[in-house]
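Visitor: Quick one, what's the 3D model for this:
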Amino acid sequence: MVISAGIRVYINILGGQYSDQAGNRIRAWNWSSSMPSSPFVSFKPVFLALNRYIGIRILEQDNVSITFLAMGQQARISIGTKVMLPNPEELPALRYLTEDDLLLLASFIKIRRLFHKLEGCMNFPSSQVWKKLKQPSYLSSLSLKLLSLCHNSGIKQDTMVTITNLINEKI
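Guide: Here you go, the predicted structure:
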């Protein structure tokens, strides 16, 4: 479903997600009936008011409706349907992180490294100390986790190189 500036609710055969107006992911889920052994969060009902006139109610895979309100009258359209996967083991792994998400995480790590370096420069004005400043251990840990996510997400090789360069670049 596309509403004005961006996608707020996304539903597919495996599950779905919904986002706030800024595009930030609020919640992601899988349908318990289609993927019973999935490690992702099982579904809990979602009630969204997209604006004063349009609402979405998602109770289960086959119980999804859009409600329209105008001039004191309400209309509800049911759009849900039950879909059973014939061979769930043949589906690719669920991926909720896109290449853009991974690039954003790499940029976050780089920015945090820059802030750490700036803080060190302010605290120790001598240029001799700048060269000795080490990256905080939490950033090293985040970098390793990000690289692991990249390897497990199946992103393109050029994106993987970009992410690796972002987090390993000398500052």
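
Visitor: Tell me if Arg27 really is in a strand.
Guide: Yes: the assignment for Arg27 (DSSP: H, G, I helix; E, B strand; the rest coil) places it in a strand.

Visitor: Could you report the pLDDT at it?
Guide: With respect to pLDDT, Arg27 has a value of 81.

Visitor: how many neighbours does it have?
Guide: 12 (other CB atoms under 10 Å). Just so you know, the C-beta spots here come from the backbone N, C-alpha and C atoms, and that holds for glycine as well.

Visitor: roughly how far apart are it and Gly15?
Guide: Distance from Arg27 to Gly15, counting by CB to CB, to the nearest Å: 10 Å.

Visitor: Kindly report the same for Val64.
Guide: From Val64 to Gly15 the distance is 12 Å (CB to CB).

Visitor: Report the contact partners of Leu48.
Guide: 8-9, 18, 55-57 (CB atoms under 8 Å, 6 or more residues apart in numbering).

Visitor: Same question for Gly16.
Guide: Listed by CB under 8 Å, 6+ apart, the contact set of Gly16 reads 9-10, 28-29, 58.

Visitor: same question, Ala75
Guide: Ala75 sits next to 67-68 when contact means CB under 8 Å, 6+ apart.

Visitor: rerun that using 10 Å as the cut-off
Guide: 66-69 (CB atoms under 10 Å, 6 or more residues apart in numbering).
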